[in-house]
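A.B. asks: Sequence isn't available, so here's the structure alone:
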């Protein structure tokens, strides 16, 4: 009996085997692994597993408690749904990337130390970037590179923070960070909130997600931001800054979503908005608030996955994702539309749908803390969510002006994937008990009170009234919006233009300086050297050579080539030797 | 069945009927807000019946007008802005 098995490792090693399967066998295999992973999560209990010492540091791959189990449940369930939805994809690269992405997210969820978190954090960035590249269009490849660059930068912030944290505390164990305002605190926070897409570090998300493949975007909508929420809950609970950042973020998301024409970009901005609720919940830090953040992450992953699956089906079947080019699809894609609307009602926290039982916890936690402004703003945001996601997209994509596009329902596996997600959205909405039972803290919260139901319906239905009254105002316009990515997409160009002035002047100055002060003396020096070379060195060399030639001439004259001369020479030599010899003796 | 409902919603001939349905729904929601218990109310406005209806409508209108206004004067650019 295995004591514990890491579901993330199941995915990562499972990815390696994908290429060995073909056809039906591969289809079975890619949904079997997530099913096994769900089973592994269901059968695990609290504790610390798979820890060892590496280079004197403790590495913990399996820190299991209620919080990690809850995230692992929704991560594995979403992997199953996403894989069913992606079953028809023939390109195994996408499956492998999705597996590595899910596996590394689970790696972060069970990590007990910063080193492990960092490693999986980086795998996540690369695996998810592949899901953007895989669409293959120039726009996707550009967006994918921007996505990767931003996440590598975020990873470096995190790494810097981890190193400083280790130098301060001497420990790499992952847990609540001392709120001492140190550089380590802020660097780790920046690393985490970049992945949570907190403005102004948010632009990578609406930039990359709409450019990802149809199935890739479904996976991306689930893991990166929610893994960030998980680590924020672990490391930064009860941080006042996050309350305000989260609320601002929730507003920012709906505000931008109202302007979008691209369906998947609109949904991407609503991820930012919904994750804002969770960030605010982390910041509030009470048990109710943290339960709210966890449960909202849980329901969000499923309904947001379903929203991206629904919008993705439209993209897949029509090749278009701009609302201004769509319309009238209720005639040809009715099942897709109904499933999409179920997700829309869930994200809007409509009673009997999943968002209602989770989002309300965070708002209730703000109320308990007597934070009037936060509470009012979060309710305002829920009106905006309903407005764009549940009213605007269905109205302009499925009704509105008939675009005359001849579309069909998507393949059956895509519909089944969406069906499972829709079932969970409704089931959690009606029976929140099972979800509440796996939350990290005991739940003392009842979502279905009379005033809460009528209050929510009032907010939502009067938003609907506003929508229909100002329908013309909301007509999708074929524009794009600039976000903080302006600074690195356009700003760098302007920076270069501004920088060019001073840089050119500096460059001219340096080259002038080198011409006059450095080069001229060098010329003079070279000239002197040249003269020395020519007259003294060359003279000496030539002189020696001439001398040798002269001596050679004399010696040459001795070489007459006549035998009598040589014989005379030999005799003369012998005589000299004998004479010298006798004189010495 | 489902298809018929969707077609019913999409048929311009039914716009009048749908409008009536919406108004009735809104009236029922506001009316029921008067009769529910409010033991959870924390803020003063939570105690006002019909508050959520007013606030929901204001939120929606504010969002539409503020975002579209800022969008048009500043944030919305042509599709090839970055190219």
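C.D. replies: Nice, thanks for sending it over. Every value quoted in this text rests on a predicted model; they were computed, and no experiment measured them. Numbers count the residues shown, from 1 in each chain, chains lettered A, B, ... in the order given.
A.B. asks: Would you mark the buried spots in stretch A:173-185?
C.D. replies: Neighbour-count burial for stretch A:173-185, counted by 16 or more other CB atoms under 10 Å in any protein chain shown, picks out A:174, A:177, A:184, A:185. C-beta coordinates here come from the backbone N, C-alpha and C atoms, glycine included.
A.B. asks: Which residue lies closest in space to the last one, excluding its sequence neighbours?
C.D. replies: It stands for residue A:185. residue A:177 (5.7 Å; CB to CB, 6 or more residues apart in numbering or on different chains).
A.B. asks: Go ahead and list the helix or strand containing that neighbour.
C.D. replies: Under DSSP states H and E, no helix or strand contains residue A:177.
A.B. asks: mind listing what it touches?
C.D. replies: With contact set as CB atoms under 8 Å, 6 or more residues apart in numbering or on different chains, residue A:177 has these partners: A:165, A:184, A:185, A:188, A:235, A:236.
A.B. asks: just checking, which of the buried residues of stretch A:173-185 belong to helices?
C.D. replies: A:184, A:185 (DSSP state H).
A.B. asks: Please tabulate the contacts of residue A:177 in JSON lines, including the columns distance to residue B:58 and pLDDT.
C.D. replies: Shown next, in JSON lines, are the contacts of residue A:177 (distance: CB to CB, whole Å; pLDDT from 0 to 100):
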{"residue": "A:165", "distance to residue B:58": "45", "pLDDT": "94"}
{"residue": "A:184", "distance to residue B:58": "44", "pLDDT": "94"}
{"residue": "A:185", "distance to residue B:58": "39", "pLDDT": "94"}
{"residue": "A:188", "distance to residue B:58": "39", "pLDDT": "96"}
{"residue": "A:235", "distance to residue B:58": "37", "pLDDT": "96"}
{"residue": "A:236", "distance to residue B:58": "33", "pLDDT": "96"}
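A.B. asks: Name the nearest of these relative to chain B.
C.D. replies: Distances from chain B to the contacts of residue A:177, taken as CB to the nearest CB, are shortest for residue A:236 (25.7 Å).
A.B. asks: Backbone dihedrals for the closest one, both of them.
C.D. replies: phi -130, psi 40 (degrees, to the nearest 10).
A.B. asks: One more: residue A:188?
C.D. replies: Phi and psi for residue A:188, reported as degrees, to the nearest 10, are phi -70, psi -40.
A.B. asks: pretty sure it contacts residue A:166?
C.D. replies: No - taking contacts as CB atoms under 8 Å, residue A:188 lies outside contact range of residue A:166: 11.1 Å.
A.B. asks: and the two? which has more neighbours close in?
C.D. replies: residue A:188 (25 against 15; other CB atoms under 10 Å in any protein chain shown).
A.B. asks: which residues touch that one?
C.D. replies: A:157, A:158, A:161, A:162, A:165, A:177, A:235.
A.B. asks: Kindly report the same for residue B:42.
C.D. replies: A:367, A:368, A:370, A:375.
A.B. asks: Just the element for it, please.
C.D. replies: Using DSSP H and E, no helix or strand contains residue B:42.
A.B. asks: got it, and residue A:300?
C.D. replies: Judged by DSSP H and E, residue A:300 forms part of helix A:287-318.
A.B. asks: Now tell me what touches the next helix or strand along the chain from that helix from outside.
C.D. replies: Downstream of helix A:287-318, the first helix or strand assigned by DSSP H and E is helix A:334-347. The contact list for helix A:334-347 (CB under 8 Å, 6+ apart) reads A:270, A:274, A:299-300, A:302-304, A:306-307, A:309-311, A:313-314, A:329-330, A:353-356, A:385-386, A:389-390, A:393-394, A:398, A:409-410, A:415, A:418-419, A:421-422, A:425-426, A:429, B:2-3, B:6.
A.B. asks: Then stretch A:415-424?
C.D. replies: Contacts for stretch A:415-424 (CB under 8 Å, 6+ apart): A:77, A:80-82, A:84-87, A:302-303, A:305-306, A:309-310, A:313, A:335-336, A:339, A:342-343, A:354, A:409.
A.B. asks: Out of those, which end up buried?
C.D. replies: Judged by 16+ other CB under 10 Å, buried ones among those: A:77, A:80-82, A:84-87, A:302-303, A:305-306, A:309-310, A:313, A:335-336, A:339, A:342-343, A:354.
A.B. asks: Next up, the contacts around the closest residue to residue A:255 other than its chain neighbours.
C.D. replies: Nearest residue to residue A:255 in three dimensions, chain neighbours excluded: residue B:67, at 4.9 Å (CB to CB, 6+ apart). Taking CB under 8 Å, 6+ apart, we find residue B:67 in contact with A:255, A:256, A:258, A:259.
A.B. asks: a strand runs through residue B:67, doesn't it?
C.D. replies: No - read with DSSP: H, G, I helix; E, B strand; the rest coil, residue B:67 is helix and lies in no strand.
A.B. asks: and stretch A:511-528, average pLDDT?
C.D. replies: For stretch A:511-528, mean pLDDT rounds to 87.
A.B. asks: what about residue A:58, which helix or strand?
C.D. replies: strand A:57-64.
A.B. asks: ok and the helix or strand just after that strand relative to helix A:287-318, angle-wise?
C.D. replies: Under the assignment DSSP H and E, the closest C-terminal helix or strand after strand A:57-64 is helix A:66-85. Per axes from the mean of the first three to the mean of the last three CA atoms, to 10 degrees, the angle that helix A:66-85 makes with helix A:287-318 is 10 degrees.
A.B. asks: Okay, buried residues for helix A:66-85 please.
C.D. replies: By neighbour count, and taking 16+ other CB under 10 Å as the criterion, the buried residues in helix A:66-85 are A:67-85.
A.B. asks: picking up where we left off before, give the ChimeraX command for selecting the buried subset of the contacts of helix A:334-347.
C.D. replies: A single ChimeraX command selects the buried members of the contacts of helix A:334-347 (16+ other CB under 10 Å):
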select /A:270,274,299,300,302,303,304,306,307,309,310,311,313,314,329,330,353,354,355,356,385,386,389,390,393,394,398,410,415,418,419,421,422,425,429 /B:6
